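**Student:** Attaching a predicted model along with its sequence, questions to come.
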Amino acid sequence: MPTTLGRRRAACEPPNLLANIAALTTHISLTARLRAAGSVFAEEEAALLLAEAGSPAELERMAEQRIAGLPLEQILGWAGFRGLRIAVFPGVFVPRRRTEYLVELGARFARPGSAVVDLCCGTGAVGTALAAEVPGIELHAADIDPAAVRCARRNIGAAGGQVHEGDLYAALPPALRRRVDVLLVNAPYVPSDDIGTMPQEARLHEPLVALDGGSDGLAVQRRTVAEAPLWLAPGGRLLIETSVRQAPLTAALFGAAGLQSEVLRSEELDATVVLGFRPESTVEGHN
């Protein structure tokens, strides 16, 4: 119980100062709990949870979810991506910062009026971000996961695009055949045997269909590249995110489909993308 002197001191403290002290104390305590649970960015995560929580009870619920291993973005309901807040629903693949490189490259080739497809779209972060950077594109996105489709419709719909549910190109309107100017793909590329080495929050809380790329990590990429020429417009570009290790194998898939390819790399984002185009195409806009 506070002493008389303690009550007098509290009464003399400005309300804002008392609130700041309480917030700082909560932040320190929450940071310690998150760090003990293994969070590498405990201070930053604590600050985000404090900013988003509407009440002490909600903060405690969110903290318990994070300590249990739920991805921070699924708890907050959003992820920062290319300067935007992208809605992230529970159980949906969380967009990674390295995937911003797909948007950077896509923006080099997309123009107002371009038909753009975000395939294996997840939250729709790639398409949403590209639409923000290149207004006026005709944007389509597709995913096989119903939860991802619902989430993508929140993001892509706000950007004026359409989201289709289904397996790769089978989800797209037939009218898009040979009309796609920029085809952006973040298909799963983790080899099945490597799934067990991924962080627990990914293994347990993100859909396996968004992670597992088959025995060699190329199962979905192989199907995507093989059918891409049927959908690309003259001069169209296919861009696929992959890993440094798999990039030569991904590039070989492009060659088998009759596409020339180039492996592009961002050291800053630790991102690798293979760019493909028809031999008769030029790479205008590529720096």
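**Tutor:** Arrived safely, thanks for sending.
**Student:** and His286, what pLDDT?
**Tutor:** His286 is assigned 45 on the pLDDT scale.
**Student:** cool, and Gly255?
**Tutor:** Per the predicted model, pLDDT is 96 at Gly255.
**Student:** same deal with Val40?
**Tutor:** So Val40 comes in at 88 (pLDDT).
**Student:** what's the burial count for it?
**Tutor:** 8 (other CB atoms under 10 Å). Every residue, glycine included, has its C-beta placed from N, CA and C.
**Student:** And Glu227, by the same measure?
**Tutor:** Glu227: 14 neighbours (other CB under 10 Å).
**Student:** Please name the nearest non-neighbouring residue to it.
**Tutor:** In space, Glu227 comes closest to Tyr169 once its chain neighbours are excluded; the distance is 5.4 Å by CB to CB, 6 or more residues apart in numbering.
**Student:** go on, Val244?
**Tutor:** Val244's closest residue in space is Thr272 (CB to CB, 6+ apart), at 5.2 Å.
**Student:** How about the secondary structure of that neighbour?
**Tutor:** In the three-state summary, Thr272 is assigned as strand, counting by DSSP: H, G, I helix; E, B strand; the rest coil.
**Student:** one step back: how many other residues sit next to the residue nearest to Glu227?
**Tutor:** Neighbours around Tyr169, by other CB under 10 Å: 21.
**Student:** gap between it and Leu183?
**Tutor:** Distance, Tyr169 to Leu183, using CB to CB, to the nearest Å: 10 Å.
**Student:** which residues do the two both contact?
**Tutor:** Between them, Tyr169 and Leu183 share these contacting residues under CB atoms under 8 Å, 6 or more residues apart in numbering: 119, 231.
**Student:** Just to check, the residue nearest to Glu227 is in contact with Val225?
**Tutor:** No: using CB atoms under 8 Å, Tyr169 is not in contact with Val225, being 11.4 Å away.
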